[in-house]
Structures are given as C-alpha cells and as structure tokens.
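K.L.:
kindly return the folded structure for what I paste below:
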Amino acid sequence: MAKPVIFLDSSVIISSLLSTTGGSFYIINTLKDDFELQTNEYGLSEIQKTLKNKFADQPNLQNQLFLILGMAQITILPNPAKKEEKQAEKYISKIDAPILASALKHSDFLITLDNEFFNSGIINLAKEKALAIMKPKEFIEEFRN
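P.N.:
A predicted model of the protein is given here:
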C-alpha cells in the first residue's frame with residue numbers, strides 16, 4: 001500500500017533546521033517512515049535563499065539541509081507547469097503559487113507555517129482536490145489519533 005504523501009512547505013523545512021524540539025523537526029525525523037515527504041525545486045530554492053540571506057552567520061545550516069533531505073528521503077519534485085501556477089495564483093500570492101500547485105497535484109497533505117495557505121478559498125480548493133492543509137502541530141495531533 002502506498003504511503004500518504006506530505007508536501008513540506010519551505011517554512012517547515014527551515015523550522016526543522018532551527019529547532020530540534022518543534023513539530024516540523026518531529027514530522028521530518030520521526031514520521032518519515034510512515035509518510036512520503038516531498039517539496040519542489042522552487043521550495044528548495046526558497047530555503048537556500050533564506051539560509052543565505054537570513055542565516056548567513058550559520059553556514060552549517062546548508063550542510064544540515066542536505067543531511068535532512070537525504071536522511072528523511074525528501075523527494076524534490078520538478079516545479080509545476082506555468083499553467084498550473086497561474087491557476088493557483090487565483091487563490092494565493094504569486095510567490096506561494098508554485099507550492100500550492102505542486103501540493104494540489106502530488107500530495108495528500110500540505111504542511112506549512114505560512115498563514116496565507118489558511119484562507120477559506122484555498123481550504124475549499126484543497127478539499128475539492130483531497131488535499132489537507134495543516135500546521136505541523138495540527139498534523140501531529142491528527143496523526144497520533
């Protein structure tokens with residue numbers, strides 16, 4: 001039986017790099033065997049830019065990023081087609097459209113810390129496409145039950 005698929009927003013991966021006690025780290029390190037984890041090229045690029053710009057004084061985070069990607073076997077999907085991004089832009093900002101488009105197409109869950117993903121239009125669209133959008137804490141609570 002195929003494992004449920006989680007699309008990890010860049011915010012969750014960055015959070016897991018910064019704290020080993022939070023929900024993001026728990027999902028990536030503890031639940032990795034029960035779920036297929038993924039992000040896309042756009043998300044990976046976003047992570048790398050954030051680490052370079054906001055955490056330049058912590059160069060070890062780049063190494064940790066690649067360790068986490070490998071250890072948790074996080075699949076890096078190609079970016080969505082421009083048509084799919086444009087469709088997602090009807091619901092979310094242009095900078096988050098590639099994340100939403102990929103998650104809608106490839107995943108069962110989108111785990112994010114970005115509040116923009118929680119407006120009613122996006123939640124309704126996600127439900128139509130059988131995608132659950134959650135914050136790490138919500139996901140962990142649901143998974144434990």
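K.L.:
as a quick check, tell me the outermost residue of the chain.
P.N.:
In the chain, counting by Cα atoms, centre = their mean, D57 sits farthest out from the average C-alpha position, at 24.4 Å.
K.L.:
for that residue, give its distance to T21.
P.N.:
Distance, D57 to T21, by Cβ to Cβ, to the nearest Å: 21 Å. Quick note: C-beta positions are derived from backbone N, CA and C, even for glycine.
K.L.:
hang on, the earlier thing: how about the secondary structure of the residue farthest from the centre of the chain?
P.N.:
Taken by DSSP: H, G, I helix; E, B strand; the rest coil, the conformation at D57 corresponds to coil.
K.L.:
what's near enough to touch it?
P.N.:
Listed by Cβ atoms under 8 Å, 6 or more residues apart in numbering, the contact set of D57 is empty.
K.L.:
let me know the pLDDT of it.
P.N.:
If you check D57, the pLDDT there is 93.
K.L.:
with F143 instead?
P.N.:
The pLDDT attached to F143 in the predicted structure is 85.
K.L.:
that one and L31 touch, don't they?
P.N.:
Yes. The pair F143 and L31 passes the contact test of Cβ atoms under 8 Å, sitting 6.7 Å apart.
K.L.:
so what touches the biggest helix by length in the chain?
P.N.:
For the chain, the helix that runs over the most residues, judged by DSSP state H, is helix 41-54. Helix 41-54 is contacted from outside by 8-10, 13-14, 17, 39, 58, 61-62, 65, 76-79, 98-99, 102, using Cβ under 8 Å, 6+ apart.
K.L.:
distance from that helix to the middle of the chain?
P.N.:
How far helix 41-54 lies from its chain's middle: 13 Å, per Cα atoms, centre = their mean, to the nearest Å.
K.L.:
residues of that helix that come out buried?
P.N.:
By neighbour count with 16 or more other Cβ atoms under 10 Å, helix 41-54 contains the buried residues 42-44, 46-47, 50-51.
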